[in-house]
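1. Build the 3D model from these lines:
(2 chains)
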Amino acid sequence: MEEASVLMTHAVGLHARPSVKLTKLAKTFTAHIELAVSEDGPWIDAKSIVRVMAAKAPKDTVLFFRAEGDDAGDAVSALTALVERDFDEGQADAANA
Amino acid sequence: MSEDKVGIVIVSHSPEVARGTADMVRQMVGDEVPLAWCGGDPDGGLGTSVETILGAIDQAWTNAGVAILVDLGGAETNSEMAVEMQPDERRGRIAICNAPIVEGAVIAATEASGGAPLEVVRRTAEELSPA
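-> Residues are numbered from 1 along each chain as shown, chains lettered A, B, ... in the order given. You can find the predicted model right below:
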């Protein structure tokens, strides 16, 4: 089991566009990947766009990832990197998200 | 597994709604999913037509099939008619999703972009609706 946590600083939090990016990236790995907004869960499937959007995690939430499978390590580092990069969105984009 | 991704067709009574929904899919999900939209009647009013839906299905068609998102009434019945007019080999690979048109289109396209089969694309879009 690979685990990591990362502080999400994206201005609008895990709203529609960031959720889509996160889910799309998660789907590129074969590992089973879960995401939570608290260390104690509840854990949700990071590949489920419906669940990820429903989490409605706001700015300054610490996101917890855990993954199991062959590429679990790569998956967790890629996902935390995406959050650290602010989902590759500049401030202008974020304001419109 | 085939590299073809499920295509998305958006059918609204309003061309503005259809085009705006398609814009959201393009901006939020990207270009890797085939996407087509149609809306409005030939005179520029609100409505849908079987003919333009047929064209949109052709445009978005892939071997993985097509998921159709509709708004109200005629959008659904005309889409059903368009599906019935398809050749046999296509008919089983088209799903009209029972989901809100904008949210459903974004969700369906997100699923499709990951290579999900049509049934999964449809089910995920429909997860949005009350059971």
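2. residues in contact with the spatially most central residue of chain A?
-> Among the residues of chain A, the one closest to the centroid is A:Leu22, at 5.0 Å (C-alpha atoms, centre = their mean). Each residue near A:Leu22 by C-beta atoms under 8 Å, 6 or more residues apart in numbering or on different chains is listed here: A:Leu14, A:Leu35, A:Ala46, A:Val52, A:Leu79, A:Leu82, A:Val83, A:Phe87. Backbone N, C-alpha and C define where each C-beta goes, glycine included.
3. please redo it, this time with the cut-off set to 10 Å
-> Applying C-beta atoms under 10 Å, 6 or more residues apart in numbering or on different chains, we find A:Leu22 in contact with A:8, A:14, A:33, A:35, A:46-47, A:49, A:52-53, A:63, A:65, A:79, A:82-83, A:87.
4. next one: B:Asp23
-> By C-beta under 10 Å, 6+ apart, the residues touching B:Asp23 are B:Trp37.
5. Quick check: next helix or strand after the strand or helix carrying it?
-> Element membership for B:Asp23, per DSSP states H and E: helix B:15-28. Toward the C-terminus, helix B:15-28 is succeeded by strand B:35-39 as the next helix or strand (DSSP H and E).
6. so what secondary structure elements neighbour that following strand?
-> Identification of packing neighbours for strand B:35-39 by 3 or more C-beta pairs under 10 Å, 6 or more residues apart in numbering or on different chains; DSSP states H and E yields strand B:7-12, helix B:15-28, helix B:50-60, strand B:66-70, helix B:74-84, helix B:101-113.
7. any chance you could map the helices in chain A?
-> Using DSSP state H, the helices of chain A run over A:16-27, A:49-54, A:72-84, A:91-96.
8. got the residues of chain A near chain B?
-> Counting by C-beta under 10 Å from any C-beta of the partner chain, chain A comes close to chain B at A:16-21, A:23-28, A:47-54, A:93, A:96-97.
9. filter those to the buried ones?
-> A:16-21, A:23-27, A:47-53, A:93 (16 or more other C-beta atoms under 10 Å in any protein chain shown).
10. Please read off the pLDDT at residue 93 from the model.
-> I'll assume chain A. Looking at A:Asp93, its pLDDT is 50.
11. wrong one, chain B
-> 97.
12. Help me confirm that it comes into contact with B:Gly65.
-> Yes: if you go by C-beta atoms under 10 Å, B:Arg93 and B:Gly65 touch, sitting 3.2 Å apart.
13. What residue in chain A comes nearest to chain B?
-> Proximity of chain A to chain B (C-beta to the nearest C-beta) peaks at A:Lys27, 3.5 Å away.
14. Isn't that residue up against B:Ala116?
-> Yes: here A:Lys27 reaches B:Ala116: they are 8.1 Å apart, a contact under C-beta under 10 Å.
15. shared neighbours, those two?
-> Counting by C-beta under 10 Å, 6+ apart, the residues touching both A:Lys27 and B:Ala116 are A:Lys47, B:Thr110.
16. what about the residue located most distally from the centre of chain B, which SS state?
-> Distance to the chain centre peaks in chain B at B:Asp43, reaching 22.9 Å (criterion: C-alpha atoms, centre = their mean). Using DSSP: H, G, I helix; E, B strand; the rest coil as the criterion, the local structure at B:Asp43 reads coil.
17. which residue packs closest to B:Val6, ignoring adjacent ones?
-> B:Ala112 (4.1 Å; C-beta to C-beta, 6 or more residues apart in numbering or on different chains).
18. tell me, how many neighbours does the one you found end up with?
-> When neighbours are counted by other C-beta atoms under 10 Å in any protein chain shown, B:Ala112 registers 31.
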